[in-house]
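Participant: Sequence first, predicted coordinates after that:
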Amino acid sequence: MTITKPIFNYDEMSDTLYVSFEPGEKATGIELNDHILLRINKSECRAIGLTFFEYSLLAQKTEVGPRSFPLTGLSELSDEVREIVLDILLRPPVSDILSLSTYTPSIVEAIPIISLQPVPVAAA
């Protein structure tokens, strides 16, 4: 299977960025948090696309670098689906757009977080 270049569509009116890796393919939507929806082919463990709500907020830089957001939606998933999602997040094409890391507020707590890589977006 050949991974084609992602297709980026930005809707300025709703401030939503749509990224398609496999246009037209049916997918299961996984809400990573209030701002990021990952669309996957669960049976083949493949990313189909990403949707970023309030994209300008997600892409906004801070004084010390890119913003990171907790993946609050992972706690809602079964262990099996969570494992699939984490695997997809760590591989291209998703890892080319999202950078996954962990925030550890204490030695026993690990919170998965994500930040957006710079992406070539032209207003549609």
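Facilitator: Perfect, I can see it now.
Participant: And the residue lying farthest from the centre of the chain, its phi and psi?
Facilitator: Ranking residues of the chain by C-alpha distance from their mean position (Cα atoms, centre = their mean) puts residue 107 at the top, at 26.3 Å. The phi/psi pair for residue 107 (degrees, to the nearest 10) reads phi -60, psi -20.
Participant: Could you count how many residues lie near residue 21?
Facilitator: As a burial measure, residue 21 scores 24 neighbours (other Cβ atoms under 10 Å). Heads up, the C-betas are built off the backbone N, CA and C, glycines and all.
Participant: who's in contact with it?
Facilitator: The neighbourhood of residue 21, defined by Cβ atoms under 8 Å, 6 or more residues apart in numbering, consists of 3-4, 6, 46-49, 93.
Participant: OK, contacts around the residue lying closest to residue 77 once chain neighbours are set aside?
Facilitator: Leaving out its chain neighbours, the residue that sits closest to residue 77 by Cβ to Cβ, 6 or more residues apart in numbering is residue 85, at 6.5 Å. Neighbouring residues of residue 85 by Cβ under 8 Å, 6+ apart: 30, 32, 38, 40, 74, 77.
Participant: element containing residue 85, please.
Facilitator: Per DSSP states H and E, residue 85 falls inside helix 79-90.
Participant: following that helix, which helix or strand comes up?
Facilitator: Reading on from helix 79-90 to the C-terminus, the next helix or strand found by DSSP H and E is strand 98-106.
Participant: Which neighbouring elements make contact with the helix or strand following that next one?
Facilitator: The helix or strand immediately downstream of strand 98-106 is strand 109-116, counting by DSSP H and E. Contacts defined by 3 or more Cβ pairs under 8 Å, 6 or more residues apart in numbering; DSSP states H and E place strand 109-116 against strand 68-70, strand 98-106.
Participant: okay, the angle between the longest one and helix 79-90?
Facilitator: Going back to what we said before, that points to strand 98-106. Per axes from the mean of the first three to the mean of the last three Cα atoms, to 10 degrees, the angle that strand 98-106 makes with helix 79-90 is 120 degrees.
Participant: ok, residues contacting strand 98-106?
Facilitator: With Cβ under 8 Å, 6+ apart, strand 98-106 has contacts from 36, 50, 66, 68, 70, 86, 89-90, 110-117.
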